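> Give me the fold of what follows.
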Amino acid sequence: MPQILVVDDEIGIRELLSEILRDEGYDVLLAENAGAARAARQAARPDLVLLDIWMPDSDGITLLKEWAGGGKLNMPVIMMSGHGTIDTAVEATKIGAMDFLEKPIALQKLLSSVKRALAKTPQAATGGLSLTAFTRSMPLRDLKKRLEQMAAKSRLLMIKSAPGGIIELAARTLQAPGKTWMDLSLDSVPLSVEALQEAAGGVLYAEEIGWLNRLQQKNLLFAAERLEKFGLRLVAATAQEQSTLLAAGWEEMQLARLFDTWLGAPTLAELADEIPEIANHLLAQLADSDEVPLRRLSTGALNALRQHSWPGGYGELKSVVKSLALSALEEEIAADEAAQLLAPQAQAEAPGLGGLSEEVMTLPLREAREVFERLYFEHHLKAERGNITRLSERSGLERTHLYRKLRDLGLRTPKKEED
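Take a look at the predicted model:
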């Protein structure tokens, strides 16, 4: 028996729709707002959602974007509104809604729309987790705004981020529902015009251009010249200096083109407080796509993830969450399970050198000192929860000098401390 989730803040409409749908033999769940809808969708995995647009806590379009951005739009959604416009209907359809019903809803139109939606072959959630899924995190919301502002003016976006960043999470934000995602670092053949045509409207991605071989470099530049023609976006990133990239085979004119405009992105170490929410979204997405059984992370497990430094960045976090879900013996993933999985990595990060690799020891003194200072201040910023006063006391640096030092090292200071 198909299960339908009805989301509407008006009790009369919820009860009316529930009565009609139950008479037709459907199992019906009810939610009065976006918060209740999130919980019901997570717990019940409905076959169809009837979603009102105007609600007091969060509107239906925002919730639809959140589900799409979190890779959770693997069920048909029919939008409802008593104040709908053509623009709203078009926007909902672009995000991934299957239909749009205007209130008061005619009985036959409701039933035919429901029947048509349920007849649609269930699809796995498309795309990966993106910044759109995070509606409460200020740092991730700010990054999303900056990303979209720049993307509105340019189809080519270069992201500058230290290792351990959230580059894929940012790039996925620009991927339209149902459109192609092409990782250029996986190409082993020359990119053709036909391949770009097939990917039209999609996103081309390179997590670190310094990792690309000569063929892949040529593919990226080939695509960069044809973005407008095929409606494509190119999101590339690097943590390397241009001198290093020149040594890897890039040409100066090519780099000047790529770095015409670029955006800085934080590392997971800088987003420690956001990691529990990112991990929960990843776990839900994996369960929705049937890659892992239904699991939940305990508070202790989330704390263990939050305290890890994530040198492997977003890819490492995805791998850890998936591994925990697959290996857990109970529905709730315990703190000791997370600690055991992370412990070998934590030891590897600090083999008697405080997290410094042997490679650092071969650097000139000035560069090695900068690496150490960054690790030192990252560690104590985290330990002091971003409190600049306590960090100043611990490091022995006067606050003005400390702020300058942190900025020179590219470390972010809490806004509340800067005022």
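
> Now do the contacts for the residue most central in space within the chain.
Per C-alpha atoms, centre = their mean, the C-alpha nearest to the average position across the chain is that of residue 130, at 2.8 Å. Applying C-beta atoms under 8 Å, 6 or more residues apart in numbering to residue 130 gives the contacts 69, 70, 71, 169, 170, 172, 173, 175. Using the backbone N, CA and C atoms, a C-beta is placed for each residue, glycine as well.

> Mind doing that once more with 7 Å?
Residue 130 is in contact with 69, 169, 172, 173, 175, counting by C-beta atoms under 7 Å, 6 or more residues apart in numbering.

> Now the nearest residue to the second one once chain neighbours are set aside: which helix or strand?
Counting by C-beta to C-beta, 6 or more residues apart in numbering, residue 169 lies nearest to residue 314, which is 5.7 Å off, once chain neighbours are set aside. Element membership of residue 314, judged by DSSP states H and E, is helix 313-327.

> Can you name the next helix or strand after that helix?
strand 332-333.

> Show me this protein divided up by domain.
Domain assignment of the chain by automatic domain parsing yields the ranges 3-119, 131-264, 269-349, 358-418.

> re earlier: buried set for the helix holding residue 314?
By neighbour count on 16 or more other C-beta atoms under 10 Å, the buried set for helix 313-327 is 313, 314, 316, 317, 318, 320, 321, 324, 325.

> now the strands: where do they sit in the protein?
For the chain, the strands defined by DSSP state E cover 3-7, 27-31, 48-52, 77-81, 99-102, 156-160, 181-183, 203-206, 233-238, 262-264, 296-297, 332-333.

> Tabulate those (JSON lines), appending mean neighbour count and mean pLDDT.
What follows is the strands of the chain, written out as JSON lines (neighbours: other C-beta atoms under 10 Å; pLDDT from 0 to 100):
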{"stretch": "strand 3-7", "mean neighbour count": "23", "mean pLDDT": "95"}
{"stretch": "strand 27-31", "mean neighbour count": "18", "mean pLDDT": "95"}
{"stretch": "strand 48-52", "mean neighbour count": "26", "mean pLDDT": "95"}
{"stretch": "strand 77-81", "mean neighbour count": "23", "mean pLDDT": "93"}
{"stretch": "strand 99-102", "mean neighbour count": "18", "mean pLDDT": "90"}
{"stretch": "strand 156-160", "mean neighbour count": "21", "mean pLDDT": "93"}
{"stretch": "strand 181-183", "mean neighbour count": "16", "mean pLDDT": "92"}
{"stretch": "strand 203-206", "mean neighbour count": "26", "mean pLDDT": "94"}
{"stretch": "strand 233-238", "mean neighbour count": "24", "mean pLDDT": "94"}
{"stretch": "strand 262-264", "mean neighbour count": "16", "mean pLDDT": "91"}
{"stretch": "strand 296-297", "mean neighbour count": "21", "mean pLDDT": "94"}
{"stretch": "strand 332-333", "mean neighbour count": "20", "mean pLDDT": "95"}
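
> Which strands or helices does the longest helix along the chain pack on?
The residue-count maximum for a helix in the chain (DSSP state H) belongs to helix 365-383. Based on contacts counted as 3 or more C-beta pairs under 7 Å, 6 or more residues apart in numbering; DSSP states H and E, the elements that helix 365-383 packs against are helix 388-395.

> what inclination does the helix it packs on have with respect to helix 365-383?
Relative orientation of helix 388-395 and helix 365-383, computed by axes from the mean of the first three to the mean of the last three C-alpha atoms, to 10 degrees: 130 degrees.

> how distant is helix 388-395 from the center of its chain?
33 Å (C-alpha atoms, centre = their mean, to the nearest Å).

> got the buried residues for that helix?
388, 391, 392, 395.

> residues contacting the second one?
Residue 391 makes contact with 380, 381, 384, 402, according to C-beta under 7 Å, 6+ apart.

> hang on, isn't residue 120 packed against residue 74?
No: counting by C-beta atoms under 7 Å, residue 120 does not reach residue 74; the two are 11.3 Å apart.

> And for the closest residue to residue 389 other than its chain neighbours, the neighbour number?
Spatially, and ignoring its direct neighbours in sequence, residue 389 is nearest to residue 399 (7.4 Å; C-beta to C-beta, 6+ apart). Neighbours of residue 399 under the rule other C-beta atoms under 10 Å: 13.

> ok, now how distant is residue 399 from residue 375?
Using C-beta to C-beta, to the nearest Å, residue 399 is found at 21 Å from residue 375.

> Flag the shaky bits of the stretch 251-400 of the chain, pLDDT-wise.
344-363, 366-367, 385 (pLDDT under 70).

> mind running it again at 80?
Filtered on pLDDT under 80, the stretch 251-400 of the chain yields the residue ranges 289, 343-374, 378-379, 381-387, 389-390, 392-400.

> about what we covered before: looking at the contacts of residue 391, spot the one nearest residue 65.
residue 381 (32.4 Å; C-beta to C-beta).

> how about the closest one, what does it touch?
Applying C-beta under 7 Å, 6+ apart, the residues contacting residue 381 are 391, 411.

> so what's residue 59 up against?
residue 53.

> same question, residue 52
Going by C-beta under 7 Å, 6+ apart, the list of residues near residue 52 reads 7, 8, 9, 60, 80, 81.

> got JSON lines for these, with distance to residue 139 too?
Output for those, formatted as JSON lines (distance: C-beta to C-beta, whole Å):
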{"residue": "7", "distance to residue 139": "29"}
{"residue": "8", "distance to residue 139": "33"}
{"residue": "9", "distance to residue 139": "30"}
{"residue": "60", "distance to residue 139": "26"}
{"residue": "80", "distance to residue 139": "33"}
{"residue": "81", "distance to residue 139": "32"}
